[in-house]
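Enquirer: sequence and predicted structure below; questions after.
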Amino acid sequence: MSKAVFVNKYGGAEVLSYQEYHVGDPGPGEVLVRNTAIGVNYIDTYYRSGLYPAELPLIPGDQAAAVVEAAGAGVDEFKPGNRVAYASKPLGAYSQERLIDASLLVPLPEDISDEVAGATLTRGLTAEYLTHRLYELKAGETVLVHAAAGGAGRLLCQWADKLGARVIGTVGSKDKMDIARQNGCSEVLLHQHDFVPQVKELAGGQGVDIAYDSIGKATFMKSLDCIRPRGMMVSFGNASGKPDSLDVLELAKRGSLFLTRPTLYGYTNIRSDLLLSARRYFSAITTGMLTVETGAPFALADAAEAHRHLEDRSIVGSPILIP
């Protein structure tokens, strides 16, 4: 028997339950992996709370570094002992061991630690597709990044800056401003304030080329007001709740704006895209383009405390779970 963290009913961090479960043997196309470092991402709280409904009971988590323990029939790419990482559905990462489709795994280079991959892969793949494949960010463009001191925000700001874009970031408190500046922001504002006039002034009166909004309800409409005509709004998170329904004429009123609500899965569900994204992210780390940090470690049994840590917005850095 192995152990895992379950959500048996929706609710706060207290509903996370550490219990035994039977893993089984890998079937065709599957591998059995032993997780070594498990990422804790904000999306995990959405499944825990029921914001993203899923069949219960469920084991949350979609990101980890791991070691292959056994491979099922037809798996040629991986063998026992291989270091791997994953950042994709199905859920189930909050576990000592799990079965997973081999097509969802990426090889883990020797110079990338388990802790870095386990803590940051989802965010790294997200930053990669946002800056390279959803829209190929160009030098000289100006972008707005909310939650610029957060896990995904720091990587996104760094990557945009290294590509030559000018990055205007927002944060939730003054003590996070320096963190955002250290990660590529040329200007940093507080998102609780009316940041629209400041952003438009900083962007030459026209507005930014792209707004990357992972906060959701609290900032969504203001973000639209910060974008230049024919600019793009990228809504890729709901940290403050799901945005209110939008009348599409609001996009026309603001100058024929583009709006997209992407998901990581939508940009990595084709294996060649997943491998490209992972290689690009790992290369950005090893070449020094990106500086990554791992958050506080928690035992897998203490997943509830890790969730409380994550949801405390005064704390910088996302935790990892160690089985």
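Expert: Okay, I see it.

Enquirer: for the rest of this, base every contact and every neighbour count on C-alpha atoms.
Expert: Fine.

Enquirer: spell out the secondary structure type for the residue most central in space within the chain.
Expert: In the chain, the residue lying closest to the centroid (Cα atoms, centre = their mean) is residue 123, at 3.5 Å. Following DSSP: H, G, I helix; E, B strand; the rest coil, the label given to residue 123 is helix.

Enquirer: is the spatially closest residue to it that is not a sequence neighbour in a helix, a strand, or coil?
Expert: Distances taken as Cα to Cα, 6 or more residues apart in numbering place residue 152 nearest to residue 123, at 4.8 Å, with adjacent residues excluded. Three-state call for residue 152 (three-state DSSP): helix.

Enquirer: tally of neighbours for residue 152?
Expert: Using other Cα atoms under 10 Å, residue 152 is surrounded by 23 other residues.

Enquirer: any idea how far it is from residue 32?
Expert: Using Cα to Cα, to the nearest Å, residue 152 is found at 29 Å from residue 32.

Enquirer: cool, residue 44 as well?
Expert: 22 Å.

Enquirer: who has more neighbours out of those two?
Expert: Neighbour tally, residue 44 and residue 32, criterion other Cα under 10 Å: the higher count belongs to residue 32, 24 against 18.

Enquirer: for the more buried one, helix, strand, or coil?
Expert: Assigned with three-state DSSP, residue 32 falls in the strand class.

Enquirer: one more: residue 66?
Expert: Once three-state DSSP is applied, residue 66 turns out strand.

Enquirer: that one contacts residue 37, correct?
Expert: Yes. Counting by Cα atoms under 8 Å, residue 66 does reach residue 37; the two are 7.0 Å apart.

Enquirer: so what sits against both of those two?
Expert: Shared contacts of residue 66 and residue 37, defined by Cα atoms under 8 Å, 6 or more residues apart in numbering, comprise residue 114.

Enquirer: please report phi then psi for the nearest residue to residue 54 once chain neighbours are set aside.
Expert: Distance criterion Cα to Cα, 6+ apart; nearest residue to residue 54, sequence neighbours excluded, is residue 47 at 6.9 Å. Main-chain torsions, residue 47, degrees, to the nearest 10: phi -70, psi -40.

Enquirer: report the contact partners of residue 47.
Expert: Here residue 47 is in contact with 10, 53-54, 60 (criterion: Cα under 8 Å, 6+ apart).

Enquirer: list the buried residues of stretch 57-70.
Expert: Judged by neighbour count (16 or more other Cα atoms under 10 Å), stretch 57-70 contains these buried residues: 58-70.

Enquirer: no wait, stretch 233-251
Expert: Judged by neighbour count using 16+ other Cα under 10 Å, the buried positions of stretch 233-251 are 233-239, 243, 251.

Enquirer: which residues does it contact?
Expert: Counting by Cα under 8 Å, 6+ apart, 42, 210-218, 220, 223-224, 227, 257-263 sit against stretch 233-251.

Enquirer: confidence score at the residue nearest to residue 123?
Expert: What the model reports for residue 152 is a pLDDT of 90.

Enquirer: my read: the residue nearest to the centre of the chain touches residue 157, true?
Expert: No. Assessed by Cα under 8 Å, residue 123 is found out of contact with residue 157, at 11.8 Å.

Enquirer: return stretch 120-132 as CSV; C-alpha atoms alone will do.
Expert: Once non-C-alpha atoms are left out, stretch 120-132 reads as follows in CSV (Å, rounded to 0.1, in the frame of the first residue of the first chain):
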residue,chain,number,x,y,z
THR,A,120,8.3,25.1,-10.9
LEU,A,121,7.5,23.0,-14.0
THR,A,122,3.9,24.1,-14.3
ARG,A,123,4.8,27.8,-13.9
GLY,A,124,7.7,27.4,-16.3
LEU,A,125,5.6,25.7,-19.0
THR,A,126,3.0,28.5,-18.5
ALA,A,127,5.6,31.3,-18.8
GLU,A,128,6.9,29.6,-21.9
TYR,A,129,3.7,29.3,-23.8
LEU,A,130,2.5,32.8,-22.8
THR,A,131,5.7,34.4,-24.1
HIS,A,132,6.5,32.1,-27.1
